[in-house]
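[1] when you get a sec, could you give me coordinates for this:
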Amino acid sequence: MGTRKLGRATDLRMAMLRNQTTALLWHGRIETTAMRAKEVQSMAERIITDAMDVHDKNIMVMKDIQNDRGQTVQAEVRNDTPEKLAVRRRIMSLLYPQAEPKKMGENKDDYRERTKDIRHPLIEKIFGEYGPKYADRARESGSRGGYTRIIKAGPRRGDAAEVVILELI
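    Numbering: from 1, shown residues only. Alright, predicted model coming up:
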């Protein structure tokens with residue numbers, strides 16, 4: 001069984017699906033056509049399942065770091081296991097980079113200070129928020145999958161394409 005072609009060349013179709021999957025995982029819901037939503041749903045559920053399986057696989061290591069005075073000190077740092085790192089890299093290849101939005105009334109210096117430790121906010125959101133949330137849900141219900149829902153919104157004005165809202169549950 002192949003994927004839907006959606007009337008696009010392969011490179012354009014993959015770019016569109018990456019863009020919509022990134023938007024879905026960042027915002028929690030998107031509005032699109034029914035056929036596109038089914039493809040995006042498939043991609044998003046695979047990403048969430050991968051993140052859910054490895055979200056808690058970390059190791060603590062001692063590293064030499066420079067403090068603000070320029071001195072070298074040892075600190076305990078949390079690193080990903082090789083399995084989690086592989087999943088993280090695979091997810092990063094499937095999604096576009098997403099910048100942390102600036103808060104209302106926040107200046108450049110405050111924004112830089114707040115986001116200096118966050119290199120990939122969407123990936124951190126997937127592993128820090130979605131992974132634990134859906135892992136707990138899978139333990140309670142005993143089933144995997146079903147992280148998204150499609151709600152029909154009616155035909156689009158102009159071409160009468162079936163419009164749906166795709167959202168994370």
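
[2] surely His55 touches Lys133?
    No - between His55 and Lys133 there is no contact under C-beta atoms under 8 Å: 9.4 Å. The way it works is simple: take the backbone N, C-alpha and C, and place the C-beta from them, glycine included.

[3] which one's more surrounded, the two?
    Taking other C-beta atoms under 10 Å, His55 and Lys133 do not tie; His55 has more neighbours (20 against 16).

[4] what sits against the residue nearest to that one when sequence neighbours are not counted?
    Leaving aside its chain neighbours, His55 sits nearest to Gly131 (2.8 Å; criterion: C-beta to C-beta, 6 or more residues apart in numbering). Neighbouring residues of Gly131 by C-beta atoms under 8 Å, 6 or more residues apart in numbering: 48, 51-52, 54-56.

[5] show me those residues that map onto strands.
    Assigned to strands by DSSP state E, none of the contacts of Gly131 qualify.

[6] so which of those residues wins on neighbours?
    Ala51 (25 neighbours).

[7] ok, now which ones touch that one?
    87, 91, 126-127, 130-131.

[8] just the residues you listed: which are in strands?
    Per DSSP E, the contacts of Ala51 never map to strands.
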